[in-house]
Every structure is written in C-alpha cells, then in structure tokens.
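1. generate a structure from the sequence data that follows.
(chains A and B)
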2 protein chains.
Amino acid sequence: MAVRNRPDAGGELTLSMRWRARHHAPPRPCTHRTGLTVSYERRNIREMQGYTWGEQPQDADTLKLNTNENPYPPGPAVAAALQAFDITRLRRYPPPLADDFRDAAAAVHGVTREHIVVTHGGDELLRLALTTFLDPGVPLGVLEPSYSLYPVLAQIQDCPLAKVQLDPDYQPPADTVARWNAAGSTLAMVVNPHAPSGTLLRAEVLEAMAGAFRGVLLIDEAYVDFVDPAHGYDAVTLAQRLPNVLLLRTLSKGYSLAGLRFAYGIGNPELLAPIVNKTRDSYNMDTLAQALATAAMRDQAYASGTWLRVRAERDRLDAALSNLGLVAPPSESNFLLVTVPGYWALGARAVYEQLKSAGILVRYFAHTGLADKLRITVGTPEENDRLLAALGALAGQPSRGTGA
Amino acid sequence: MAVRNRPDAGGELTLSMRWRARHHAPPRPCTHRTGLTVSYERRNIREMQGYTWGEQPQDADTLKLNTNENPYPPGPAVAAALQAFDITRLRRYPPPLADDFRDAAAAVHGVTREHIVVTHGGDELLRLALTTFLDPGVPLGVLEPSYSLYPVLAQIQDCPLAKVQLDPDYQPPADTVARWNAAGSTLAMVVNPHAPSGTLLRAEVLEAMAGAFRGVLLIDEAYVDFVDPAHGYDAVTLAQRLPNVLLLRTLSKGYSLAGLRFAYGIGNPELLAPIVNKTRDSYNMDTLAQALATAAMRDQAYASGTWLRVRAERDRLDAALSNLGLVAPPSESNFLLVTVPGYWALGARAVYEQLKSAGILVRYFAHTGLADKLRITVGTPEENDRLLAALGALAGQPSRGTGA
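-> Numbers count the residues shown, from 1 in each chain, chains lettered A, B, ... in the order given. Reported below is the predicted structural model:
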C-alpha cells in the first residue's frame, strides 16, 4: 500500500477518511461534473467567490482615492536603494528570514528581531494566521463590517465565521469575546483603526479583549501610522506582554509602498515561531524588496512627514465634506467613510459613478449597512481640492424629492 | 448566536464540529499547554518540522553549488528595466494579474494569457495547488525521492502522502497512478527533470500518467530550461490538451532570478481560474518584480544563451567527475547527483564538510537512499575547475579500507 500515515499521526488519518467518506466527500473528492466540464476544485473553493479588489488603473491621470494609498511617493532613501542595487544579487536566493529588515523594524519598535515576521503584504500574514492557528471547520472571529478579505480567507481555509455586529459607532459589543469563545474560535481578526470607518479602538479595549479570548487576536494595524500621536495609542507593548496578540503592520500605506507588497507581524517569538519556521514559504520576500523596504524603515523621518501631512489634510477634507453634507465618523486613518445624505439628488452608487466618469475613483461597497456610503482616501491638497470641486458640483444638482 | 453557516454549506458545519469534538480536537482546539507555555498552533503544524532550506550565504567569496542557481547573472534587459523603473509607481498597488508578464510568457509558449498564472516563486504555485485541489486529510500523490518541500506543504494542509518509490533509475513504476487513484489522491506532484537526480521523463510517460489519474497532475518543471532541445521534450502542448495538467515554470534557474521569486503556472484556463480568481493573494506579485520578470521573459536570447553554456559545462563536469569515480545518472538539469564511491576515503557527508571548509557549498541530503550522494550545481567553467581541483585532492586521500 502506497499510503503511509505520518509517523506521529496515530489513527487520525483513518478517522478523517472515514468521516469524509460518510459526510463530506463525493466518491471522487475533487472531481465534479458541472454541466459538461470537469471541475477539480475543492468543494469550498468551488462554492466561494474570490476577493473583489479595488480598481487599479495604472495610468497617471486617474485620481485614485479608492484603495488608501499614501498620496506621497516613496522617499529618497528608497530611490537611492533602488539605484544602488546590484542586479547580480538576484541570481541567488534571497536571505530567507530578511534579517536586515527585521533588525530595522525591531529598532523602530523597541523589540528584538525574533518579535518580527516579514510577509508578502499584509494579506500574506492574514492568510498565514489562518493556516497556523485555525483548523478547517472552526469559526474565525470577526467584527462586522470589516476588511472584506477576512471572510474570503476563511472560505479558502473552509472555516465559517463567528460574526459580531459592531455598534452604530463602530465599537464592539461588550459580549464580543464571549461570543467568539462560545463559537470555539481560536483566531479572531480586528482591524484598528477600523476599516472601512477609520475609527480607533483604545489599546485598553484591545487588551481586555485579548485577555478574555481563548485564541489568537490578530490586530490588523494597516492604517496605524496615521493615528494622531496625541492619543498615545500603542499596541506594540500589548503584543509583547500578551502571548496571544499578533499585530499586522504594512509598508503599503504608511511608507508609500503598496506596489512592493511588504508587511510584517509583531508578536512574541513563541507565537511567531511556527509562521517563521513552518507555514510561510521559505523565501517569501525577494532580495530587491528586502533592500527597498529596509531603506524605507530606516528613514522614519520621511515616512512620518507624510503621516503628518495626511493627518492635516484629513482634518481639512473632513470639514469640507461635512459642509457638503457628507459626514464621516472620526477617522484616525488615511480615509473617510462618508454617508451620502438622503437629501442629495444622487445616491452613493451614483455619486461613485459620476466621480468615476470625471476620472476620480473612490470606493463604493454594495454591502448591507454600507450601501449609502463612500470610502474616500485622503489625497494631496490639490487632489482633495479636485475631489471637493467635483462633489460640490454633484451636491448642487437638483434633489430627488423636491425638485430644484 | 454569532456563528452563521455559509448560506450554501448545508449542515456540514455542525457535522464538522461534532466530529471534531469527538475525534480530533481537545476542548480548546488550538490551545495546548506544553510544559509551562501555551501553544496556539494547530495540531498538524505543531507536529511538523519546517522545510530545511539550503544554506544561503550572501557573501561573494563562497562558491555556491548547493541550490541550483544559474551561474550567470540576469541579462542586460533586466538591468535596464531596473534602471528605468520609476520609483513613484511603488506608491500604488501592483497590477493584480500581472498581465504584461502573462502576455510575455504566453508569447514564448504559444498560449493565451489565460493559460498563465503568476506566482511568488514556484513554492507559491505548489502551495496554491494544494489549497485549491486537495482537501485536508486526502493524500497527496508523490514520488520518492523528490523535492523535499512537497511533504512539508502536505503537512501544512494536514494531508498524508501517497508515496510511490521510484525505480533505481528514477523511473516511476507502472502502477504509480493506480496507487494514487486507490489512495483517493486528487493532486499529485512530479518534478521533471527529476530532482535530485536530474533525469528526464518523456512527455509520453507524463501524458499516460495524466490520462489515467483522477486528480490534477502538477508537473514541476523548475529545471526544464536546461533540457537538451534535441530530446524534443514538450509538456506545454500536454497542458493545453489535457484538463488536469498544471505545469510549474520558474525564473529562478533558467532566467538567473532566484532572488526575485517569480514563477508561473501553465494550464487550461478552466483549471487555472480558481487559483487566479480565488485562492492566490490578490496582489501576489509586486510591481518591480513584474517589470524585471517581464523584461527577462522578453529576452529569450540571453536566457537561452546561459542554458547552452550550462549544458556544455554539465557534460564536461559530468565526465570529469566520473573520472574521479563520482558517477551521476544522466542529467537534463543544471545539477548532477553523484554517488561517492565506497573506495573513497571519505563518505558523502565528510566530502560535503571538507568542501564547505574550503569555501565550496554543495548539497548533502541525510535521507534514506541519498546518504551516499551529493547534489552539485553546474557552475561556470572556472567554478567547476575549482570544485574539481578540491574533489581531486579529496579523492587522492588515503582510502579507508586498504591504506595508502
């Protein structure tokens, strides 16, 4: 017989296969005739829809305020690293652990190299958290609404969701963790600042959640660089103190490097070790990306300068949008989730489409609870002025109910 | 209750959770006390060992003949693409589908863009094949020996192996596919040219295997660029004709870009669609890597020039090693798997260690069936001369049995 159990798997393979034969798998587990064609996809993959990514036109004319990129380009240190890069280095495999970058990030955060794991964009860390901490069939703890990739990743891992609806002000209900625990979740994902609202949970709230949760709490800090330092928000010390907190950081927004796909996790070495040593692809970051990301991380002055400018524009844009009737909850991110008011002539989808035909992309979500909203990325002052002019023209159009 | 089934999942969640509660999961599925620390890893992850990657010193002095890199640097078109790259492009997300690269690869292979899926190194395509086509608990079909990452990826997916031992000349036994089918495998991986032996299976053999196999046959062609064109080997037409053949190609070896992590799959659009649209990370290739890889793919003349030189050196190195008593099976790859003969004073491991202390890295595998062998990457003529001189000195040492 050609099939061998792993030496340490005991009788589980047999049980697993019997269970599948009874409850789950058709006679040929992956081969299904759909009409005339044969599909080799697994059931859960066949049944799912993929992630719908934001529109990514590559031309320079479109004003892209739809996927929360930093409006400022990467800094001169990154450009210098690109110019200085020795192309012959690409002949060899990359440093598997990206230790230069880990050291640079560790210095920024006041932790050790072992507290950092490098991933190919934040999406890879999210996926690896599922791979490492959540068995198929066990629910992933999430809040609603949230980053729309979480449910997609759960479906790929064949996991249901333990969904908890956020309060109208985007705060998690007091029984959130109790409900995740009751569902048996061993992993939950919380984005903070929240997407798509931009609101910030205090670190004390997260600490209480992590302390009560029986699994790993992944705090997705994709937008944390834009939080006003006056709040004193800090989850890094939380990730050091607690054994089950995994922070996600990315260079996509704060460091103007969405095109480079470079992110990292922060957590205790014991929590990160299985990701570092087992579940990630061994060479998950290329040599060139490592060089550029390391240069970006070492130049905190440039990056934090962009954060300051984005925050200033966020406040100005927020006030100007409010004047047009487009009100957003308080954002600590680089975007604003505005509600298109009922007295406007156009609904949110129509506003999105009108802006698009004017060469301005914002993000519209067709989901429940978001269908009257638009998520608008904070741009440069000039870009925001162009957006405000276009919205001002739309606001002035004859209203639906009363005529003009 | 916060947990909701996916709308189309029927009652399977309940069954799954009941089954887990009975047979599989401890009361807290992911939280186990091991000594004094709490582990959040899944059982299968906790029980596995990670992949052992080849040594990757980044210095220029070490002669690296251990991980099958191309001995020649990336070509001038790649260097020009690096110099011409506009750093401000990195501010935005990359083209999600990497269509420029797909078009370049499609032109090379005489297929359409839809026959190509781009992945972050070949390792990502291997992982995605498991994610897409193999349910946890279902055996992955493999041949033994083979690329040592396959079993690691199977463990991450919590799948056992349906192992079939290769014949002494590295040919698969006639009943290989029958055994995979009997085991219920819905995915099998065959590396061709074979690693670590370098031998080539004819496309007719692969066609017969794919035709008989009930699942997806992934043919890992990481080394195919080094096959002598005189053999007329071609599996691309096979991947077009058959619905269940997925080819893996990489720029790591043939295009001197191991550091860039750029690979791709070739298969029918229906087979690739779930990987393209569902299971891969949406932005799985960064903008800069896309630009460099596209330039490399468009410059076939440079790449094929390196293949020609490697083949010529492979023949010369093979003959010279044979003269030292180090015989390898016929290789169509860029490496040779030599057996250290019993009459040498040193065994394979000792030879590996002696070479390493001389600044020359080759690959030693401690596995059954490989413990008397070394895998040696073909270098430049000068590099091969340095290796041969070092091996000649070791061959001349007093032998174990007879004295000198």
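
2. only C-alpha atoms for contact and neighbour calcs from this point on.
-> Fine.

3. low pLDDT regions in chain A?
-> For chain A, applying pLDDT under 70 flags the ranges A:1-37, A:397-404.

4. and the longest helix seen in it, what's buried?
-> Identified as the longest helix of chain A according to DSSP state H is helix A:300-323. Within helix A:300-323, the residues scored as buried using 16 or more other CA atoms under 10 Å in any protein chain shown are A:302-303, A:306-311, A:313-315, A:317-318, A:320-321.

5. what residues are up against A:Pro145?
-> Shown in contact with A:Pro145 (CA atoms under 8 Å, 6 or more residues apart in numbering or on different chains): A:Gln165, A:Leu166, A:Ala195, A:Pro196.

6. secondary structure and distance to A:Ala210 added to those, as JSON lines?
-> Output for the contacts of A:Pro145, formatted as JSON lines (DSSP: H, G, I helix; E, B strand; the rest coil; distance: CA to CA, whole Å):
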{"residue": "A:Gln165", "secondary structure": "strand", "distance to A:Ala210": "18"}
{"residue": "A:Leu166", "secondary structure": "coil", "distance to A:Ala210": "17"}
{"residue": "A:Ala195", "secondary structure": "coil", "distance to A:Ala210": "20"}
{"residue": "A:Pro196", "secondary structure": "coil", "distance to A:Ala210": "22"}
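
7. follow-up on the earlier one: which helices and strands does the longest helix of chain A pack with?
-> Contacts defined by 3 or more CA pairs under 8 Å, 6 or more residues apart in numbering or on different chains; DSSP states H and E place helix A:300-323 against strand A:335-339, helix A:381-395.

8. any idea which of the ones you listed is most buried?
-> Compared across the helices and strands packed on helix A:300-323, strand A:335-339 shows the largest average neighbour count, a mean of 25 (mean count of other CA atoms under 10 Å in any protein chain shown).

9. quick one: contacts of that strand?
-> Outside strand A:335-339, the residues touching it (CA under 8 Å, 6+ apart) are A:68, A:196-198, A:314, A:318, A:326-329, A:348, A:372-378.

10. tell me how far it lies from the chain's centre.
-> Averaging C-alpha positions (CA atoms, centre = their mean, to the nearest Å) puts strand A:335-339 17 Å from its chain's average.

11. and the angle for it with helix A:300-323?
-> Here the directions of strand A:335-339 and helix A:300-323 differ by 10 degrees (axes from the mean of the first three to the mean of the last three CA atoms, to 10 degrees).

12. which helix or strand lies directly C-terminal to strand A:335-339?
-> Downstream of strand A:335-339, the first helix or strand assigned by DSSP states H and E is helix A:348-357.

13. state the next helix or strand along the chain beyond that following helix.
-> Next along from helix A:348-357, by DSSP H and E: strand A:360-361.

14. which helices and strands does that next one pack with?
-> Using 3+ CA pairs under 8 Å, 6+ apart, strand A:360-361 sits against strand A:63-64.

15. measure A:Arg127 to chain B for me?
-> 8 Å (CA to the nearest CA, to the nearest Å).

16. can you tell me the SS state at that residue?
-> Three-state call for A:Arg127 (DSSP: H, G, I helix; E, B strand; the rest coil): helix.

17. again, but for A:Arg375
-> strand.

18. ok, now which ones touch it?
-> A:Asn66, A:Pro196, A:Ser197, A:Phe335, A:Leu336, A:Leu337, A:Val338, A:Val362, A:Arg363, A:Tyr364 are the contacts of A:Arg375 under CA under 8 Å, 6+ apart.

19. for it, name its beta-bridge partners.
-> A:Leu337, A:Arg363 (DSSP bridges).

20. how about the strands in chain A?
-> A:3-4, A:32-34, A:37-39, A:63-64, A:116-119, A:140-144, A:161-165, A:187-191, A:216-220, A:245-250, A:263-266, A:335-339, A:360-361, A:373-377 (DSSP state E).

21. domains of chain A?
-> A:3-47, A:63-68+A:302-395, A:76-301 (automatic domain parsing).

22. and the longest one, how far out from the chain's middle?
-> Right, domain A:76-301. Distance, centroid of domain A:76-301 to centroid of chain: 8 Å (CA atoms, centre = their mean).

23. what sits closest to A:Ser252 if chain neighbours are left out?
-> A:Ala258 (3.7 Å; CA to CA, 6 or more residues apart in numbering or on different chains).

24. burial of the one you found, as a residue count?
-> 28 (other CA atoms under 10 Å in any protein chain shown).

25. so it sits against B:Arg89, correct?
-> No. Using CA atoms under 8 Å, A:Ala258 is not in contact with B:Arg89; the gap is 9.1 Å.

26. just give me the closest of the contacts of A:Arg375 to chain B.
-> The shortest approach to chain B among the contacts of A:Arg375 belongs to A:Asn66, at 10.8 Å (CA to the nearest CA).

27. so how many other residues sit close to that closest one?
-> 20.

28. do the same with the one 4 residues further on
-> For A:Asn70, the number of neighbouring residues by other CA under 10 Å comes to 27.

29. that older thread, can I get the strands of chain A in a markdown table with distance to A:Ala81?
-> Formatted as a markdown table, the strands of chain A follow (distance: least, CA to CA, whole Å):
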| stretch | distance to A:Ala81 |
| --- | --- |
| strand A:3-4 | 50 |
| strand A:32-34 | 50 |
| strand A:37-39 | 46 |
| strand A:63-64 | 26 |
| strand A:116-119 | 19 |
| strand A:140-144 | 39 |
| strand A:161-165 | 43 |
| strand A:187-191 | 31 |
| strand A:216-220 | 28 |
| strand A:245-250 | 19 |
| strand A:263-266 | 18 |
| strand A:335-339 | 29 |
| strand A:360-361 | 31 |
| strand A:373-377 | 28 |
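
30. how about those, which one is nearest B:Arg113?
-> Among the strands of chain A, strand A:37-39 comes nearest to B:Arg113, with 20.4 Å by CA to CA.

31. and the closest residue to A:Asp158 other than its chain neighbours, its phi and psi?
-> Nearest in space to A:Asp158, with sequence neighbours left out and distances taken as CA to CA, 6+ apart, is A:Pro136 at 5.2 Å. Main-chain torsions, A:Pro136, degrees, to the nearest 10: phi -50, psi 140.

32. next one: the one 10 residues further on
-> Phi and psi for A:Ser146, reported as degrees, to the nearest 10, are phi -160, psi -170.

33. wait, doesn't it sit right on A:Val191?
-> Yes. A:Ser146 is within contact range of A:Val191, at 7.1 Å (criterion: CA under 8 Å).

34. closest to B:Tyr93 out of the strands of chain A?
-> strand A:63-64 (10.6 Å).
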